[in-house]
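Engineer: The amino acid sequence is not available; the structure is as follows:
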C-alpha cells in the first residue's frame with residue numbers, strides 16, 4: 001500500500017476528526033478517484049465515484065496540482081449558490097523515493113470564521129456607536145461641571161455679600177437705638193419746658209416711634225437675610241456636590257472611551273484572525 005492508498009484508507013477518520021464541516025477527494029496522478037467524500041456545504045451530488053477516472057481541467061484546483069505537482073490553496077467566498085465560504089487545499093502526494101503519486105484535496109468550511117467575522121463587525125459597529133455616545137456624554141459632563149463651578153463661585157459671592165450686610169444692619173440698629181435714646185431725652189426736656197416744649201414733645205415722640213419701627217424692621221431684615229444665607233449655603237453645597245459628581249462622571253466616561261478604543265483594536269484583531277484562520 002503506497003502513501004496515496006494509505007491516505008484514502010484513513011480519510012474517513014480525518015473527516016470525522018475535523019472540527020469543521022469538510023470534504024476530501026484523493027486522486028491518483030492519472031485521474032483515478034481513490035476516495036471522495038463531498039462536503040455537506042457543496043450543493044448538488046458528488047460528481048466523483050471511487051474507481052472512476054476523471055480528466056480535470058487546468059483551471060481546476062486538482063488539475064493545477066496534478067500538472068504543477070505543487071500545493072494549490074484557494075479560498076471560495078459564499079454567494080447565492082454557496083451557503084458558506086470554504087478553503088480548498090490541494091496537496092501533491094509523493095512516494096518516499098520522490099515519485100509523484102497523486103493529490104490530496106480537502107475542502108474546509110469557513111462557516112465558523114464567517115460567523116466570527118460577522119460578529120466582530122457587529123461588535124465593531126456597536127463599539128463605535130457607544131464610543132461616540134460616551135465621548136458626547138463625557139463632553140457634556142465636563143461642560144456641566146464647568147458651568148456648575150461658575151454657579152458655585154457665584155453662590156459663594158452671594159454669601160460673602162450677605163455676610164457684609166451684618167455690618168450695615170448693625171449700623172442701622174445702632175442709629176435706631178441712639179434715635180430712641182435721643183427721643184426719650186428730648187421728651188424729658190420738653191416736659192420740663194412745659195407749655196413752650198409741647199411742640200418739641202410731639203417731634204420727640206415721632207422720633208421715638210420711628211426709632212422703634214426702624215429697630216423692628218432691622219430685626220425682620222436680619223431674620224430674612226439669615227434665612228437667605230441658610231438657603232444659599234445649602235444650594236452652594238448641593239452645587240459643589242453636583243460639580244464633583246459631574247467631574248467624576250467626566251473622568252469615568254474618559255476611561256470608558258479608552259476602553260472602547262481598546263475594544264475596537266481587539267475587534268480589528270479578531271477580524272484579521274477570522275480572515276486568516
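Structural biologist: Cool, the structure landed. Given the structure is predicted, the values throughout are model-derived calculations rather than measurements.

Engineer: who does the longest helix seen in the chain touch, helix- and strand-wise?
Structural biologist: For the chain, the longest helix by residue count, based on DSSP state H, is helix 111-193. Counting by 3 or more Cβ pairs under 8 Å, 6 or more residues apart in numbering; DSSP states H and E, the packing neighbours recorded for helix 111-193 are helix 198-276. Bear in mind the C-beta positions are built from the backbone N, C-alpha and C, glycine included.

Engineer: quick revisit: check the offset of the longest helix of the chain from the chain's centre.
Structural biologist: From the chain centre to the centre of helix 111-193 is a distance of 30 Å (Cα atoms, centre = their mean, to the nearest Å).

Engineer: can you check stretch 83-95 too?
Structural biologist: 43 Å.

Engineer: And it, what's buried?
Structural biologist: For stretch 83-95, burial by neighbour count (16 or more other Cβ atoms under 10 Å) applies to 84-93.

Engineer: from the residues you listed, which single one is nearest residue 133?
Structural biologist: Of all these, residue 85 has the smallest distance to residue 133: 33.4 Å, by Cβ to Cβ.

Engineer: count of residues packed around the residue nearest to that closest one when sequence neighbours are not counted?
Structural biologist: Counting by Cβ to Cβ, 6 or more residues apart in numbering, the nearest residue to residue 85 once its immediate chain neighbours are dropped is residue 110, at 3.8 Å. For residue 110, the neighbour count with other Cβ atoms under 10 Å is 24.

Engineer: residue contacts, residue 34?
Structural biologist: Residues near residue 34 by Cβ atoms under 8 Å, 6 or more residues apart in numbering: 4-5, 7-8, 26-28, 50, 102.

Engineer: According to the record, where do the domains of the protein fall?
Structural biologist: Domain ranges of the chain: 3-109, 119-276, per automatic domain parsing.

Engineer: Serialize those to a markdown table and add fields for mean pLDDT.
Structural biologist: What follows is the domains of the chain, written out as a markdown table (pLDDT from 0 to 100):
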| stretch | mean pLDDT |
| --- | --- |
| domain 3-109 | 91 |
| domain 119-276 | 71 |
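
Engineer: follow-up on the earlier one: give me the subset of the buried residues of stretch 83-95 that lies in strands.
Structural biologist: Applying DSSP state E to the buried residues of stretch 83-95, the entries found in strands are 86-93.

Engineer: so of the contacts of residue 34, which ones are in strands?
Structural biologist: Those of the contacts of residue 34 lying in strands (DSSP E): 26-28, 102.

Engineer: from the residues you listed, which would you call buried?
Structural biologist: Buried by 16+ other Cβ under 10 Å: 26-28, 102, out of the ones in strands among the contacts of residue 34.

Engineer: which of the buried residues of stretch 83-95 lies closest to residue 135?
Structural biologist: Closest approach to residue 135 among the buried residues of stretch 83-95 (Cβ to Cβ): residue 85, at 35.5 Å.

Engineer: Number of residues surrounding residue 23?
Structural biologist: Neighbour tally, residue 23, other Cβ under 10 Å: 22.

Engineer: which residues are contacting the helix or strand containing residue 24?
Structural biologist: Assigned by DSSP states H and E, residue 24 falls within strand 22-28. Contact with strand 22-28 is made by 4, 7-8, 11, 14-15, 33-40, 42, 48, 54, 56, 62, 66, 101-109, as judged by Cβ under 8 Å, 6+ apart.

Engineer: Kindly report the same for stretch 63-71.
Structural biologist: 27, 29, 31, 56-58, 72, 89-92, 100, 102-103, 105.
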